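Peer 1: below is the structure, and that's it, no one-letter string:
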(Lines give C-alpha, C1' and ligand atoms only; values in the text may rest on other atoms or scores of the structure.)
Protein backbone atom coordinates (compact mmCIF):
# COMPACT_ATOMS: atom_id res chain seq x y z
CA UNK A 1 0.00 0.00 0.00
CA UNK A 2 1.53 3.36 -1.01
CA UNK A 3 2.23 5.82 1.79
CA UNK A 4 1.13 9.38 1.15
CA UNK A 5 2.76 12.59 2.36
CA UNK A 6 1.16 15.99 1.87
CA UNK A 7 3.19 19.22 1.69
CA UNK A 8 0.92 22.02 2.77
CA UNK A 9 1.02 25.60 3.93
CA UNK A 10 -1.70 28.03 2.88
CA UNK A 11 0.98 30.73 2.95
CA UNK A 12 2.66 30.77 -0.46
CA UNK A 13 6.30 31.38 -1.31
CA UNK A 14 7.78 28.84 1.13
CA UNK A 15 9.56 26.60 -1.45
CA UNK A 16 6.91 23.92 -1.05
CA UNK A 17 7.19 22.76 -4.66
CA UNK A 18 10.99 22.74 -4.67
CA UNK A 19 11.01 20.76 -1.44
CA UNK A 20 8.56 18.22 -2.88
CA UNK A 21 10.83 17.70 -5.88
CA UNK A 22 14.10 17.54 -3.93
CA UNK A 23 12.74 15.24 -1.23
CA UNK A 24 11.04 13.05 -3.82
CA UNK A 25 14.38 12.63 -5.59
CA UNK A 26 16.12 11.86 -2.28
CA UNK A 27 13.58 9.16 -1.45
CA UNK A 28 14.03 7.75 -4.95
CA UNK A 29 17.78 7.65 -4.29
CA UNK A 30 16.99 5.45 -1.29
CA UNK A 31 15.40 2.90 -3.63
CA UNK A 32 11.78 3.97 -3.12
CA UNK A 33 9.45 4.36 -6.07
CA UNK A 34 7.95 7.83 -5.69
CA UNK A 35 4.99 9.54 -7.36
CA UNK A 36 4.73 13.33 -7.17
CA UNK A 37 1.21 14.69 -7.74
CA UNK A 38 0.92 18.34 -8.79
CA UNK A 39 -2.39 19.52 -7.31
CA UNK A 40 -1.66 23.23 -7.63
CA UNK A 41 -3.47 24.70 -10.64
CA UNK A 42 -0.42 26.93 -11.25
CA UNK A 43 1.44 23.69 -12.18
CA UNK A 44 4.83 24.81 -10.85
CA UNK A 45 5.94 21.26 -10.04
CA UNK A 46 4.95 20.20 -13.55
CA UNK A 47 7.00 23.06 -14.99
CA UNK A 48 9.98 22.11 -12.86
CA UNK A 49 9.94 18.52 -14.14
CA UNK A 50 9.01 19.16 -17.78
CA UNK A 51 11.21 22.22 -18.10
CA UNK A 52 9.98 25.80 -18.09
CA UNK A 53 11.07 26.21 -21.69
CA UNK A 54 8.38 23.70 -22.67
CA UNK A 55 5.82 25.62 -20.64
CA UNK A 56 6.72 28.80 -22.53
CA UNK A 57 6.46 27.02 -25.88
CA UNK A 58 3.04 25.63 -25.01
CA UNK A 59 2.02 22.20 -23.80
CA UNK A 60 -0.98 21.51 -26.00
CA UNK A 61 0.65 18.51 -27.67
CA UNK A 62 1.72 17.07 -24.34
CA UNK A 63 -1.73 17.38 -22.74
CA UNK A 64 -3.56 16.22 -25.87
CA UNK A 65 -1.53 13.03 -26.19
CA UNK A 66 -3.36 9.91 -24.99
CA UNK A 67 0.03 8.48 -24.03
CA UNK A 68 0.43 10.98 -21.17
CA UNK A 69 -1.56 10.59 -17.96
CA UNK A 70 -2.28 14.03 -16.46
CA UNK A 71 -4.78 15.50 -14.03
CA UNK A 72 -6.70 17.08 -16.92
CA UNK A 73 -8.76 14.03 -17.98
CA UNK A 74 -8.98 12.84 -14.36
CA UNK A 75 -10.58 16.12 -13.31
CA UNK A 76 -12.94 16.08 -16.30
CA UNK A 77 -13.95 12.49 -15.58
CA UNK A 78 -14.69 13.19 -11.90
CA UNK A 79 -16.56 16.45 -12.57
CA UNK A 80 -18.79 14.54 -15.00
CA UNK A 81 -19.71 12.04 -12.29
CA UNK A 82 -17.31 9.20 -13.07
CA UNK A 83 -16.24 6.72 -10.41
CA UNK A 84 -12.55 5.94 -9.66
CA UNK A 85 -12.71 2.20 -10.39
CA UNK A 86 -14.27 2.84 -13.81
CA UNK A 87 -11.51 5.25 -14.77
CA UNK A 88 -8.81 2.67 -14.11
CA UNK A 89 -10.49 0.07 -16.34
CA UNK A 90 -9.36 1.86 -19.50
CA UNK A 91 -5.85 2.59 -20.75
CA UNK A 92 -5.25 6.07 -19.37
CA UNK A 93 -1.70 6.71 -20.46
CA UNK A 94 1.54 6.66 -18.52
CA UNK A 95 2.84 8.74 -15.65
CA UNK A 96 5.55 11.16 -16.69
CA UNK A 97 9.15 10.08 -16.01
CA UNK A 98 11.79 12.33 -14.49
CA UNK A 99 15.56 12.12 -14.83
CA UNK A 100 15.52 9.63 -11.94
CA UNK A 101 14.13 6.22 -12.82
CA UNK A 102 12.37 5.83 -9.45
CA UNK A 103 10.67 9.24 -9.53
CA UNK A 104 7.45 9.83 -11.48
CA UNK A 105 5.10 12.78 -11.93
CA UNK A 106 1.35 13.09 -12.35
CA UNK A 107 1.30 16.49 -14.10
CA UNK A 108 -1.09 19.18 -12.93
CA UNK A 109 -3.73 21.03 -14.92
CA UNK A 110 -5.49 24.39 -14.75
CA UNK A 111 -8.87 22.67 -14.40
CA UNK A 112 -7.92 21.37 -10.94
CA UNK A 113 -9.42 24.61 -9.61
CA UNK A 114 -12.82 23.59 -11.05
CA UNK A 115 -12.74 20.33 -9.10
CA UNK A 116 -11.71 22.27 -6.02
CA UNK A 117 -14.91 24.31 -6.27
CA UNK A 118 -17.05 21.21 -6.79
CA UNK A 119 -15.57 19.45 -3.77
CA UNK A 120 -16.08 22.53 -1.58
CA UNK A 121 -19.76 22.71 -2.54
CA UNK A 122 -20.29 18.95 -2.17
CA UNK A 123 -18.94 18.93 1.38
CA UNK A 124 -21.64 21.44 2.33
CA UNK A 125 -24.64 19.92 0.54
CA UNK A 126 -23.92 16.17 0.52
CA UNK A 127 -26.24 15.48 3.44
CA UNK A 128 -29.20 16.91 1.53
CA UNK A 129 -28.27 15.87 -2.02
CA UNK A 130 -27.21 12.20 -2.12
CA UNK A 131 -25.92 12.45 -5.71
CA UNK A 132 -22.99 14.58 -4.51
CA UNK A 133 -21.86 12.30 -1.68
CA UNK A 134 -19.06 10.55 -3.56
CA UNK A 135 -17.49 13.69 -5.03
CA UNK A 136 -15.18 14.64 -2.10
CA UNK A 137 -13.65 11.18 -1.75
CA UNK A 138 -13.30 10.34 -5.43
CA UNK A 139 -10.07 12.26 -6.05
CA UNK A 140 -8.01 10.69 -3.23
CA UNK A 141 -9.46 7.32 -4.18
CA UNK A 142 -8.46 7.55 -7.84
CA UNK A 143 -4.96 8.81 -6.97
CA UNK A 144 -4.49 5.90 -4.58
CA UNK A 145 -5.56 3.45 -7.28
CA UNK A 146 -3.16 4.98 -9.81
CA UNK A 147 -0.32 4.68 -7.30
CA UNK A 148 -1.16 1.06 -6.56
CA UNK A 149 -1.30 0.21 -10.26
CA UNK A 150 2.21 1.63 -10.70
CA UNK A 151 3.69 -0.06 -7.62
CA UNK A 152 4.42 3.26 -5.92
CA UNK A 153 5.96 3.29 -2.43
CA UNK A 154 5.39 6.99 -1.65
CA UNK A 155 2.91 9.54 -3.00
CA UNK A 156 3.97 13.17 -2.48
CA UNK A 157 1.14 15.70 -2.81
CA UNK A 158 2.11 19.27 -3.71
CA UNK A 159 -0.88 21.44 -2.79
CA UNK A 160 -1.77 25.01 -3.66
CA UNK A 161 -1.63 27.71 -0.93
CA UNK A 162 -5.33 27.90 -0.03
CA UNK A 163 -7.90 26.36 2.32
CA UNK A 164 -10.31 25.07 -0.34
CA UNK A 165 -12.13 21.76 -0.42
CA UNK A 166 -9.58 19.93 -2.55
CA UNK A 167 -6.76 20.70 -0.12
CA UNK A 168 -9.02 19.70 2.74
CA UNK A 169 -9.80 16.23 1.42
CA UNK A 170 -6.28 15.52 0.12
CA UNK A 171 -4.55 16.51 3.35
CA UNK A 172 -7.07 14.63 5.48
CA UNK A 173 -6.78 11.59 3.19
CA UNK A 174 -2.99 11.48 3.48
CA UNK A 175 -1.05 9.31 5.87
CA UNK A 176 1.32 12.13 6.84
CA UNK A 177 1.85 15.83 6.27
CA UNK A 178 4.76 18.25 6.44
CA UNK A 179 4.52 22.05 6.69
CA UNK A 180 7.25 24.00 4.84
CA UNK A 181 7.79 27.47 6.31
CA UNK A 182 9.86 30.57 5.64
CA UNK A 183 11.16 32.81 8.46
CA UNK A 184 8.76 35.74 8.38
CA UNK A 185 5.73 37.23 10.09
CA UNK A 186 3.28 35.79 7.56
CA UNK A 187 4.40 32.20 8.14
CA UNK A 188 4.14 32.78 11.89
CA UNK A 189 0.54 33.84 11.29
CA UNK A 190 -0.02 30.83 9.03
CA UNK A 191 0.95 28.40 11.80
CA UNK A 192 -1.74 29.90 14.03
CA UNK A 193 -4.24 29.64 11.17
CA UNK A 194 -3.34 25.99 10.52
CA UNK A 195 -3.96 25.29 14.20
CA UNK A 196 -7.57 26.37 13.62
CA UNK A 197 -8.23 25.10 10.11
CA UNK A 198 -7.00 21.52 10.43
CA UNK A 199 -9.16 20.74 13.49
CA UNK A 200 -12.08 22.41 11.67
CA UNK A 201 -11.50 20.17 8.65
CA UNK A 202 -11.33 17.18 10.97
CA UNK A 203 -14.74 18.04 12.47
CA UNK A 204 -16.33 18.63 9.07
CA UNK A 205 -15.04 15.38 7.62
CA UNK A 206 -15.97 13.39 10.70
CA UNK A 207 -19.57 14.49 10.15
CA UNK A 208 -19.29 13.88 6.42
CA UNK A 209 -18.04 10.33 6.91
CA UNK A 210 -20.73 9.58 9.50
CA UNK A 211 -23.42 10.61 7.00
CA UNK A 212 -21.78 8.94 3.99
CA UNK A 213 -20.50 5.43 4.52
CA UNK A 214 -19.70 4.66 0.87
CA UNK A 215 -16.37 3.35 -0.39
CA UNK A 216 -15.35 6.73 -1.77
CA UNK A 217 -15.98 8.59 1.49
CA UNK A 218 -13.90 6.04 3.38
CA UNK A 219 -10.85 6.97 1.31
CA UNK A 220 -10.80 10.17 3.40
CA UNK A 221 -9.11 8.61 6.42
CA UNK A 222 -9.23 11.89 8.36
CA UNK A 223 -6.17 11.09 10.49
CA UNK A 224 -2.97 12.37 8.82
CA UNK A 225 0.04 12.48 11.12
CA UNK A 226 2.00 15.74 11.32
CA UNK A 227 5.69 14.87 10.96
CA UNK A 228 6.98 18.39 11.42
CA UNK A 229 7.97 21.53 9.58
CA UNK A 230 10.86 22.36 7.27
CA UNK A 231 12.37 25.78 7.99
CA UNK A 232 13.81 27.18 4.78
CA UNK A 233 14.54 30.20 2.60
CA UNK A 234 16.77 31.87 5.19
CA UNK A 235 20.15 33.46 4.56
CA UNK A 236 23.02 31.76 6.40
CA UNK A 237 26.21 33.22 7.82
CA UNK A 238 29.00 30.92 8.98
CA UNK A 239 26.65 27.94 8.79
CA UNK A 240 23.84 29.49 10.89
CA UNK A 241 20.87 31.74 10.08
CA UNK A 242 21.55 35.46 10.33
CA UNK A 243 19.94 37.06 13.37
CA UNK A 244 16.97 38.61 11.55
CA UNK A 245 15.94 35.17 10.22
CA UNK A 246 16.77 33.34 13.44
CA UNK A 247 14.26 35.53 15.30
CA UNK A 248 11.37 34.38 13.09
CA UNK A 249 12.55 30.76 13.00
CA UNK A 250 12.40 30.71 16.81
CA UNK A 251 8.98 32.40 16.83
CA UNK A 252 7.61 29.88 14.32
CA UNK A 253 9.05 26.96 16.30
CA UNK A 254 7.38 28.30 19.44
CA UNK A 255 4.05 28.68 17.60
CA UNK A 256 4.28 25.09 16.38
CA UNK A 257 5.09 23.77 19.87
CA UNK A 258 2.61 25.86 21.84
CA UNK A 259 -0.32 26.23 19.42
CA UNK A 260 -0.26 23.81 16.47
CA UNK A 261 0.98 20.68 18.25
CA UNK A 262 -1.54 20.79 21.15
CA UNK A 263 -4.43 21.27 18.72
CA UNK A 264 -3.28 18.37 16.54
CA UNK A 265 -2.83 16.13 19.58
CA UNK A 266 -6.51 16.63 20.44
CA UNK A 267 -7.56 15.07 17.12
CA UNK A 268 -4.75 12.46 16.94
CA UNK A 269 -3.24 14.02 13.83
CA UNK A 270 0.38 14.08 14.91
CA UNK A 271 3.38 11.80 15.16
CA UNK A 272 4.40 11.46 18.83
CA UNK A 273 7.15 13.88 19.81
CA UNK A 274 9.42 11.11 21.07
CA UNK A 275 9.28 9.36 17.69
CA UNK A 276 10.16 12.55 15.81
CA UNK A 277 12.98 13.37 18.20
CA UNK A 278 14.42 9.87 17.84
CA UNK A 279 14.33 10.10 14.03
CA UNK A 280 16.11 13.47 14.21
CA UNK A 281 18.75 12.27 16.68
CA UNK A 282 19.62 9.30 14.47
CA UNK A 283 20.34 11.48 11.44
CA UNK A 284 21.42 14.90 12.72
CA UNK A 285 24.97 15.11 13.95
CA UNK A 286 25.01 18.87 14.59
CA UNK A 287 22.30 18.88 17.27
CA UNK A 288 20.63 21.99 15.84
CA UNK A 289 17.27 20.28 15.27
CA UNK A 290 14.54 19.18 17.66
CA UNK A 291 11.01 17.90 17.26
CA UNK A 292 9.13 19.13 15.22
CA UNK A 293 11.97 20.73 13.26
CA UNK A 294 12.62 18.22 10.47
CA UNK A 295 15.22 20.27 8.62
CA UNK A 296 16.77 23.71 8.21
CA UNK A 297 17.39 24.42 4.52
CA UNK A 298 18.84 27.80 3.57
CA UNK A 299 18.02 29.75 0.42
CA UNK A 300 19.12 27.98 -2.77
CA UNK A 301 20.23 31.29 -4.32
CA UNK A 302 21.72 30.86 -7.82
CA UNK A 303 21.56 27.07 -7.67
CA UNK A 304 17.78 27.14 -8.07
CA UNK A 305 18.02 28.69 -11.54
CA UNK A 306 20.41 25.94 -12.68
CA UNK A 307 18.20 23.31 -11.05
CA UNK A 308 15.11 24.53 -12.88
CA UNK A 309 16.94 24.72 -16.19
CA UNK A 310 18.20 21.14 -15.86
CA UNK A 311 15.08 19.64 -14.19
CA UNK A 312 17.33 18.16 -11.52
CA UNK A 313 17.60 18.81 -7.75
CA UNK A 314 20.05 21.38 -6.47
CA UNK A 315 22.19 18.66 -4.90
CA UNK A 316 22.50 16.67 -8.15
CA UNK A 317 24.00 19.47 -10.22
CA UNK A 318 27.46 18.41 -11.37
CA UNK A 319 30.65 20.47 -11.10
CA UNK A 320 30.67 20.81 -14.87
CA UNK A 321 27.07 22.04 -14.97
CA UNK A 322 27.85 24.68 -12.35
CA UNK A 323 30.88 25.76 -14.36
CA UNK A 324 28.85 25.92 -17.57
CA UNK A 325 26.44 28.32 -15.86
CA UNK A 326 29.19 30.93 -16.01
CA UNK A 327 30.66 30.59 -12.53
CA UNK A 328 34.40 30.72 -11.85
CA UNK A 329 36.85 31.40 -9.05
CA UNK A 330 35.41 31.99 -5.58
CA UNK A 331 31.81 31.96 -6.85
CA UNK A 332 32.35 28.52 -8.39
CA UNK A 333 33.82 27.13 -5.16
CA UNK A 334 31.00 28.64 -3.08
CA UNK A 335 28.30 27.11 -5.27
CA UNK A 336 29.96 23.69 -5.13
CA UNK A 337 30.12 23.89 -1.34
CA UNK A 338 26.46 24.93 -1.17
CA UNK A 339 25.48 22.08 -3.49
CA UNK A 340 27.28 19.59 -1.24
CA UNK A 341 25.66 21.05 1.87
CA UNK A 342 22.18 20.68 0.36
CA UNK A 343 23.03 17.09 -0.56
CA UNK A 344 23.66 16.27 3.09
CA UNK A 345 20.58 18.15 4.27
CA UNK A 346 18.19 16.36 1.93
CA UNK A 347 19.76 12.96 2.57
CA UNK A 348 19.21 13.53 6.28
CA UNK A 349 15.64 14.72 5.71
CA UNK A 350 14.84 11.72 3.52
CA UNK A 351 16.18 9.33 6.14
CA UNK A 352 14.11 11.01 8.87
CA UNK A 353 11.00 10.65 6.75
CA UNK A 354 11.78 6.99 6.08
CA UNK A 355 12.37 6.33 9.77
CA UNK A 356 9.09 7.97 10.76
CA UNK A 357 6.95 6.33 8.08
CA UNK A 358 8.38 2.79 8.01
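Peer 2: Received it, and whenever you're ready, just let me know what you need. All values reported here derive from a predicted model rather than from experimental measurement. Numbers count the residues shown, from 1 in each chain.

Peer 1: got the buried residues for whichever strand or helix holds residue 335?
Peer 2: For residue 335, the enclosing helix or strand under DSSP states H and E is helix 329-357. Neighbour-count burial for helix 329-357, with 16 or more other CB atoms under 10 Å as criterion, is recorded at 335-336, 338-339, 341-343, 345-346, 348-354, 356-357. Yep, even glycine has a C-beta here, placed from its N, CA and C like the rest.

Peer 1: now it, how far from the chain's geometric center?
Peer 2: Chain-centre distance of helix 329-357: 19 Å, with CA atoms, centre = their mean, to the nearest Å.

Peer 1: ok, stretch 119-128 next?
Peer 2: The answer for stretch 119-128 is 26 Å, by CA atoms, centre = their mean.

Peer 1: buried ones in it?
Peer 2: Buried-residue list, stretch 119-128, by 16+ other CB under 10 Å: 119, 120, 122, 123, 126.

Peer 1: what does stretch 24-40 give?
Peer 2: Counting neighbours by 16+ other CB under 10 Å, one finds that the buried residues in stretch 24-40 are 24-29, 32-40.

Peer 1: for residue 70, give me its contacts.
Peer 2: 62, 63, 93, 96, 106, 107, 108, 109 (CB atoms under 8 Å, 6 or more residues apart in numbering).

Peer 1: for the closest residue to it other than its chain neighbours, grab phi and psi.
Peer 2: With sequence-adjacent residues excluded and distances taken as CB to CB, 6 or more residues apart in numbering, residue 70 is closest to residue 107, at 4.4 Å. The phi/psi pair for residue 107 (degrees, to the nearest 10) reads phi -60, psi 150.

Peer 1: and residue 107, what does it touch?
Peer 2: So residue 107 contacts 38, 43, 46, 49, 50, 62, 63, 68, 70, 71, 96 (CB under 8 Å, 6+ apart).

Peer 1: for residue 253, same thing?
Peer 2: Per CB under 8 Å, 6+ apart, neighbours of residue 253: 229, 231, 293.

Peer 1: follow-up on the earlier one: if you rank the contacts of residue 107 by neighbours, which is first?
Peer 2: Counting neighbours by other CB atoms under 10 Å, the top entry in the contacts of residue 107 is residue 38, with 29 neighbours.

Peer 1: so where do the strands sit in this structure?
Peer 2: Using DSSP state E, the strands found in the chain span residues 3-7, 34-39, 96-97, 103-106, 154-159, 176-181, 225-232, 236-237, 240-241, 293-297.

Peer 1: including mean pLDDT and distance to residue 144, could the ones you listed go into a markdown table?
Peer 2: Formatted as a markdown table, the strands of the chain follow (pLDDT from 0 to 100; distance: least, CB to CB, whole Å):
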| stretch | mean pLDDT | distance to residue 144 |
| --- | --- | --- |
| strand 3-7 | 97 | 8 |
| strand 34-39 | 97 | 10 |
| strand 96-97 | 94 | 19 |
| strand 103-106 | 97 | 12 |
| strand 154-159 | 97 | 8 |
| strand 176-181 | 95 | 14 |
| strand 225-232 | 93 | 17 |
| strand 236-237 | 54 | 39 |
| strand 240-241 | 52 | 38 |
| strand 293-297 | 89 | 24 |
